[in-house]
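# fold the following, please.
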Amino acid sequence: IEQALSDLTAEERYHKRLELEKPVLEAFWCWLENLTVLNGSAFGKAVTYAKNQRPYLENYLLDGRCSISNNLAEKAIRPFTVGRKNWLFSDTPKGASASAAVYSIIETAKANGIEVYTYLEYLLLYMPDCDWHNHPEDLENLMPWSENVKRECKR
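Residues are numbered from 1 along each chain as shown. Down below sits the predicted model:
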């Protein structure tokens, strides 16, 4: 179903998901509720896990822009998770936190179709003049989805 909806706009996809996919999910949850499983068995654990994850598994139904899968996010962070063991600065909690922040900035820039190096230069140039401590809403103008940033840093 999801593959058939891939060419629709986010709004159309949202409505079609509710129409076509939500009944399938409801049938799945109903089936799970009516199963009799041994609690300690592998299948019992899988059923319990699925039931506990229900609200998270249905999140993609809330917005047509959301993906049913997190494959894009997994693919984006793969180089960092593979190389992490080789990076000295990730040996400490502060280093790991700093590298996570940098990776988030880089991958968000890529996801918004802007040139990463240019965006980092842009941040280093304009962020020091931004009074974001007192006006955190000013950070919105520095985000990679900002129209001004897209114009300045486009690929």
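# gap between the worst-scoring helix or strand of the chain on mean pLDDT and the chain center?
Ranking every helix and strand in the chain by mean pLDDT, DSSP states H and E puts helix 71-83 at the bottom, with a mean of 76. Offset of helix 71-83 from its chain centre (CA atoms, centre = their mean, to the nearest Å): 12 Å.
# contacts for it next, please.
Helix 71-83 is contacted from outside by 99, 103, 107, 110-111, using CB atoms under 8 Å, 6 or more residues apart in numbering. No exception for glycine: its C-beta is placed from N, CA and C like everyone else's.
# buried ones among the residues you listed?
Neighbour-count burial (16 or more other CB atoms under 10 Å) applied to these gives 103, 107.
# please narrow the contacts of helix 71-83 to those residing in helices.
Among the contacts of helix 71-83, the members found in helices (DSSP state H) are 99, 103, 107, 110-111.
# of those residues, closest to Arg13?
Ala111 (18.1 Å; CB to CB).
# contacts only, for the closest one.
By CB under 8 Å, 6+ apart, Ala111 lies in contact with 76, 144.
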